[in-house]
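> Structure here, sequence nowhere to be found:
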């Protein structure tokens, strides 16, 4: 598994598609409405949206990272980094922000590579 993360609109998907020679039909696009475990594609895009769906649907999130890792051992996992900025006022949004951080930590530990994108520039951390 490979983790690619960074802020919104920093070029994460474009980087992954070009660097790993993949196409859009190989991307699982997560949404804030679908709490189904993402699997079956070479890229899982915007995992943070899937995590929000879990919270919004009141589902157990205690092992979300583990489930994602087990379901996608060979995938490129792309996640927006939501750790900067103002702490959200809404309780669900604070829970989501904490969950994204915890899951990203799990993903980074389990990944063979971790790449941060900033202004379209990749920085390989692992």
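Looks like it came in fine. This is a predicted model, so every value here is computed, not measured.
> what residue is smack in the middle of the chain?
Of all residues in the chain, the one closest to the mean position by Cα atoms, centre = their mean is residue 79, 2.7 Å from it.
> wouldn't it be in contact with residue 99 here?
No: between residue 79 and residue 99 there is no contact under Cβ atoms under 8 Å: 11.2 Å. In short, each C-beta sits where N, CA and C put it, glycine included.
> the strands in this structure, which residues?
Assigned by DSSP state E, the strands in the chain fall at 2-6, 27-29, 43-45, 76-80, 113-118, 121-124.
> would you turn those strands into JSON lines with distance to residue 67 and mean pLDDT?
Written out in JSON lines, the entries for these read as follows (distance: least, Cβ to Cβ, whole Å; pLDDT from 0 to 100):
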{"stretch": "strand 2-6", "distance to residue 67": "16", "mean pLDDT": "98"}
{"stretch": "strand 27-29", "distance to residue 67": "14", "mean pLDDT": "98"}
{"stretch": "strand 43-45", "distance to residue 67": "12", "mean pLDDT": "98"}
{"stretch": "strand 76-80", "distance to residue 67": "12", "mean pLDDT": "98"}
{"stretch": "strand 113-118", "distance to residue 67": "19", "mean pLDDT": "97"}
{"stretch": "strand 121-124", "distance to residue 67": "26", "mean pLDDT": "97"}
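> Compile those into JSON lines and extend it with columns for distance to residue 70.
Converted to JSON lines, these look like this (distance: least, Cβ to Cβ, whole Å):
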{"stretch": "strand 2-6", "distance to residue 70": "15"}
{"stretch": "strand 27-29", "distance to residue 70": "15"}
{"stretch": "strand 43-45", "distance to residue 70": "13"}
{"stretch": "strand 76-80", "distance to residue 70": "12"}
{"stretch": "strand 113-118", "distance to residue 70": "18"}
{"stretch": "strand 121-124", "distance to residue 70": "25"}
